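> Structure, please.
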Amino acid sequence: MRKILLILIVSSLFSCRKDVGPQTNNNSTENETFHDVLIACEGNFGTGNGSLSIYSSSAKETLNNYFNQENNYPLGDVVQSIASIDENLYIVVNNSGKIEIIDSTNYLSQGVIAGFTSPREIAKIDNDKAYVTDLYSNSVQVVDLTTRNIISSIAVSGWTEAILVRNNYAYVSCPGASLIYKIDISSHELIDSISTASSPLDLVLDKNNKLWVVCSGNWGANDGTLESINLNTFVNEQVIQLNSSASELCISNDLDKLYWLDNGVNYLDVDQTSIINSIVPSGAGFFYGLGIHPNSNDIYISDAIDFVQAGKLYRYNSQGEALDSTTLGINPHAIFFK
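Below is the predicted model of the structure:
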């Protein structure tokens, strides 16, 4: 339960520290550089200073607190994740219980979906609907993308996190119950589930049509795993013991290499699963988010540092060689590529 435990620990630390306000912009809004990397900066838990940073991999330019700059109001409390649906970006703001919708080109607000308990991720399931996972609601919410309302919910057991949609099904990780749910998106019915190791988090699909899940394991037990699920049979075919706590599972653009955080960045070839490779050491920082650029395969890592001050973004090439770094907002986490 790495992610939620970190939230709880950090929130308790903030109660005895001076709050840090929203970060300021580095550049003018008139800049027309294409910013292809977006970073959700959680902010300090409970203070409402979450923000959006945008970065250009070509111009090496960063704009911080960009949502606030363009819309003249703060994004909210704990900016959790970002998804692209049609022409808009959907920014999930966990502790504010909402999803901000912005135009993917100019970042201007297009509306808000409200009424969630503690949303985590959103994924489109058909032309006009999406699913939203939640930390506390014991359900997956069904959202009408046209009216921007919650129209129904699917009962589950506890916290739900990642969503991956494939063909007529949505696969949802449930860290608290150590399950992966299979939901029929045409009927919104929970039709199956499969057990995993403790705390399954992120989901990716590889070139062999195998669903991979990273399990962070029990707190402090160093018993995290990588697990491969056959979607045709919905059987867990392989469990790789990591002997550590792991998170932030990503995949390369050709869908043949898995990357994750575990005392730095590690990777695994999906056809050679007996060899785990370390590619970027963590050093003195606190690696908090990970992304693999879909065009270059460059490795992007967000560093929360101490969960109080502004964080950093580090960029490495696919061989693990350092390219550059930049300052972001507070507690930078989810990394999204346009």
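
> so who does Lys312 touch?
Residues in contact with Lys312 (Cβ atoms under 8 Å, 6 or more residues apart in numbering) are 285, 302-303, 305, 325-328, 332. Any C-beta I mention is one placed from the backbone N, CA and C, and that applies to glycine too.

> Ser58 is in contact with Val37, correct?
No: using Cβ atoms under 8 Å, Val37 makes no contact with Ser58, being 10.4 Å away.

> tell me the domain boundaries of the protein?
1-76+282-338, 200-280 (automatic domain parsing).

> export those domains to CSV and tack on distance to Ala162 and mean pLDDT?
Below are the domains of the chain laid out as CSV (distance: least, Cβ to Cβ, whole Å; pLDDT from 0 to 100):
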stretch, distance to Ala162, mean pLDDT
domain 1-76+282-338, 11, 82
domain 200-280, 4, 96
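
> Is it possible to get JSON lines of these that adds distance to Ile151?
Listed next are the domains of the chain as JSON lines, based on distance: least, Cβ to Cβ, whole Å:
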{"stretch": "domain 1-76+282-338", "distance to Ile151": "23"}
{"stretch": "domain 200-280", "distance to Ile151": "24"}
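
> And those domains: which comes nearest Asp103?
Taking Cβ to Cβ, domain 1-76+282-338 is the member of the domains of the chain nearest to Asp103, at 9.4 Å.

> roughly how far is that closest one from the heart of the chain?
Relative to its chain's centre, domain 1-76+282-338 lies at 12 Å (Cα atoms, centre = their mean, to the nearest Å).

> next one: stretch 166-183
For stretch 166-183, the distance to the chain centre is 16 Å (Cα atoms, centre = their mean).

> Name the residues of that stretch that are buried.
By 16 or more other Cβ atoms under 10 Å, the buried positions in stretch 166-183 come out as 169-183.

> got the end-to-end distance for that stretch?
End-to-end distance of stretch 166-183 (Cα to Cα, to the nearest Å): 10 Å.

> Could you give the number of residues near the residue nearest to Thr327 when sequence neighbours are not counted?
Closest residue in space to Thr327, ignoring its immediate chain neighbours: Ala310 at 5.4 Å, by Cβ to Cβ, 6 or more residues apart in numbering. For Ala310, the number of neighbouring residues by other Cβ atoms under 10 Å comes to 19.

> Now do the same contact list for Ala310.
By Cβ under 8 Å, 6+ apart, the contact set of Ala310 is 23, 64, 327-330.

> same question, Val140
So Val140 contacts 131-134, 153-154, 156, 160, 163, 170, 172, 181, 183 (Cβ under 8 Å, 6+ apart).

> same question, Thr273
228, 238, 240.

> Give the helix, strand or coil label for it.
coil (DSSP: H, G, I helix; E, B strand; the rest coil).

> now do Ile301
Classified using three-state DSSP, Ile301 is strand.

> Which one's more surrounded, Val37 and Ser58?
Taking other Cβ under 10 Å, Val37 and Ser58 do not tie; Val37 has more neighbours (21 against 9).

> in the sheet, who's paired with the more buried one?
Beta bridges link Val37 to Tyr55, Phe337 when assigned by DSSP bridges.

> do you know how far it is from Val308?
24 Å (Cβ to Cβ, to the nearest Å).

> List the strands paired with the longest strand along the chain, with their directions.
Secondary structure of the chain read by DSSP state E shows that its longest strand is strand 322-330. Sheet pairing here is set by DSSP bridges, and for strand 322-330 it gives strand 310-316 (antiparallel).

> orientation of the partner strand relative to strand 299-303 in degrees?
160 degrees (axes from the mean of the first three to the mean of the last three Cα atoms, to 10 degrees).

> List just the nearest of the contacts of Lys312 to Gln80.
Of those, the one sitting nearest to Gln80 (Cβ to Cβ) turns out to be Pro332, at 12.2 Å.
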